[in-house]
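*Asks:* What follows is a predicted structure for the sequence shown.
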Amino acid sequence: MENIWPDICRKLAQTMEDTQYKRWILPLEAEFKEGALSVSVSNEFVRNFVFKHYRALISCAADELLGRPVLLDIRVREREETEEDVSCSPPETEEASAAFEACPNLPALIMNTSSPRCRPDSDGENGHKRSFPGQSGSYPWRHSFEDFVVGPCNELAYAAARNLCAQESSVPDFHLLYLFSPPGLGKTHLLHSVGASLSRKSNLIAPQIEYTGAGEFAGQLRQLLRGNDLDRLGRFKARFHNADVLLLEDLHLIQKMEKTQNELLSVISSLLDKGGKVVFSSSLAPRELREMDDQLRSRLGAGIIASLGHPDMDTRRRIINSKATARQLYLSDEITEYLAENMRSDVRQIESCLLSLACKARELNRNVSLELVREILVDHLDRVEPALPEIIRLVCEAFGLSPEALKSKSRRQEHVQARDMAFHLARKYTDLSLQEIGRAFNRSHSTVSKGIEALRLEIDRQSHSGRQLSRTLALIERSGKLSSPGQV
């Protein structure tokens with residue numbers, strides 16, 4: 001049977017942080033035979049770390065691909081250790097792993113679309129080469145513009161990235177794009193989309209694309225400077241200066257690194273002077289890079305700066321449906337709504353949840369139900385908030401109303417009081433904004449705000465109606481076992 005490891009890698013790449021994927025999964029070697037997946041690693045520390053942190057993900061991905069349980073074996077490969085391997089290996093103790101992960105210093109992953117994949121520190125003569133799983137001759141871009149879900153939170157970033165790739169850009173002299181957002185909101189997706197789009201231009205010679213993280217770039221440059229190997233240092237610099245496109249992630253990591261900033265500024269100037277393209281990603285806006293060289297920060301502001309925000313409810317629904325369809329996972333409208341209500345942090349969280357959902361359903365031979373989704377969310381959220389549909393159900397039961405009546409235009413007192421209580425509970429027990437709560441009830445955010453205040457005043461007055469409302473509210477909170485945001 002053909003090796004499934006490349007497909008497993010692609011699945012893992014979609015759910016893991018890009019830096020962690022490159023560091024822990026990319027160097028692994030694996031083969032599939034006789035129904036078992038054998039993964040080999042470089043040393044005992046790596047074996048223990050991968051077994052502890054990634055064994056479940058690898059197993060789930062393999063099971064999902066084959067539709068049955070797969071035996072997984074993680075072992076240390078037998079080979080002679082080289083001086084290069086020692087210099088690039090992780091710390092030998094688990095206590096040191098935190099510092100290792102916080103300060104990445106592995107050689108940069110420099111991807112040239114016109115040459116075979118190999119380790120970037122290979123000099124082409126006696127360097128230790130390793131092919132990227134499943135590909136040869138081109139970088140395996142994991143994402144494209146076609147599978148990017150566009151919403152109000154990211155439409156400028158998406159449009160700018162596509163425009164950068166257009167042969168006839170609608171923005172004259174547009175060669176630099178700066179993307180920033182908290183983690184997991186689509187920066188890496190857009191960088192891969194740019195790389196994939198520029199790599200397949202049929203009427204152009206394939207451009208030389210260098211794709212790496214700022215931490216890896218700084219780490220290799222630092223190693224070469226310390227080693228005083230002018231020949232390898234020259235080849236490292238030439239690789240970037242001769243590129244046509246630079247895609248650099250996590251730019252904020254090189255703050256306070258004067259030599260790295262100077263070299264990067266030189267690379268940017270070289271690329272832009274010859275009409276090349278540069279795309280940066282960062283968790284910080286350029287103005288927040290206070291420990292960055294003024295000249296470099298000025299260069300960053302010379303192009304288009306675009307942020308990516310947290311997706312709104314509608315965008316989350318479409319992301320969930322898109323990811324579920326890609327995994328051949330059927331979700332009912334109720335389940336999609338529940339996930340969209342609760343999965344608000346980032347897209348990677350949604351990816352991880354759907355992968356776990358598919359694996360658990362298969363392992364337990366169960367249909368994907370709302371009950372199963374709730375079980376999965378316990379492991380994927382810091383807390384599990386009651387979904388708005390659950391709050392609506394509890395309020396309707398307490399007031400003897402239907403959901404349709406609760407959301408209707410009726411101004412009858414019991415309808416208004418029930419709506420105001422639903423507004424209050426949604427605001428108290430979820431992270432939904434006033435606008436999102438209002439949309440769920442076909443009301444404006446100002447109506448939600450006024451309703452919450454009216455309920456509070458009525459209860460505070462200790463009138464007969466206020467005491468009834470207070471008892472009803474307490475009954476709902478007890479019966480629903482609701483917990484405030486921040487509680488587990």
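*Replies:* Done, it's in.

*Asks:* quick one: the closest residue to Ser322 other than its chain neighbours and Glu341, what's the gap?
*Replies:* What sits nearest to Ser322 in space, not counting adjacent residues and going by CB to CB, 6 or more residues apart in numbering, is Val149, at 5.5 Å. In this view, the C-beta of every residue, glycine as well, is placed from N, C-alpha and C. Val149 sits at a distance of 17 Å from Glu341 (criterion: CB to CB, to the nearest Å).

*Asks:* ok, the two, which is more surrounded?
*Replies:* Counted by other CB atoms under 10 Å, Val149 and Glu341 do not tie: Glu341 has more neighbours, with 24 against 20.

*Asks:* So this structure: which segments form each domain?
*Replies:* Structurally, the chain divides into domains by automatic domain parsing as follows: 5-100, 145-307, 313-380, 388-480.

*Asks:* Pull up the distance across the longest one, start to finish.
*Replies:* Same thing as domain 145-307. Start to finish, the residues bounding domain 145-307 are 17 Å apart (CA to CA, to the nearest Å).

*Asks:* what separates Leu455 from His53, distance-wise?
*Replies:* When distance is defined by CB to CB, Leu455 is 47 Å away from His53.

*Asks:* between the two, who's got more neighbours?
*Replies:* Neighbour totals were compared for Leu455 and His53, and Leu455 leads with 23 against 13 (other CB under 10 Å).

*Asks:* element containing the more buried one, please.
*Replies:* Leu455 belongs to helix 445-460 when assigned by DSSP states H and E.

*Asks:* buried sites along that helix?
*Replies:* 447-448, 451-452, 455, 458-459 (16 or more other CB atoms under 10 Å).

*Asks:* quick one: which of these is nearest Ser307?
*Replies:* Sorting the buried residues of helix 445-460 by how near they are to Ser307, with CB to CB, puts Val448 at the top with 26.7 Å.

*Asks:* that older thread, who are the packing partners of the helix holding Leu455?
*Replies:* Using 3 or more CB pairs under 8 Å, 6 or more residues apart in numbering; DSSP states H and E as the contact test, the elements touching helix 445-460 are helix 413-429, helix 434-440, helix 464-480.

*Asks:* Figure out which of the ones you listed is closest to Ser298.
*Replies:* Distance to Ser298, taken as CB to CB, is lowest for helix 434-440 among the helices and strands packed on helix 445-460, at 37.0 Å.

*Asks:* Please state the offset of the closest one from the chain centre?
*Replies:* Centroid separation between helix 434-440 and its chain, computed with CA atoms, centre = their mean, to the nearest Å, is 26 Å.

*Asks:* Let me see the mean pLDDT of it.
*Replies:* When the per-residue pLDDT values of helix 434-440 are averaged, the result is 83.

*Asks:* Stretch 335-342 now?
*Replies:* Average pLDDT, stretch 335-342: 87.

*Asks:* Test my guess that Ala218 contacts Gln255.
*Replies:* No: Ala218 is beyond contact range of Gln255, at 10.3 Å (criterion: CB atoms under 8 Å).

*Asks:* who has more neighbours, the two?
*Replies:* Neighbours around Ala218 and Gln255, counted as other CB under 10 Å, are more numerous at Ala218. The numbers are 23 against 16.
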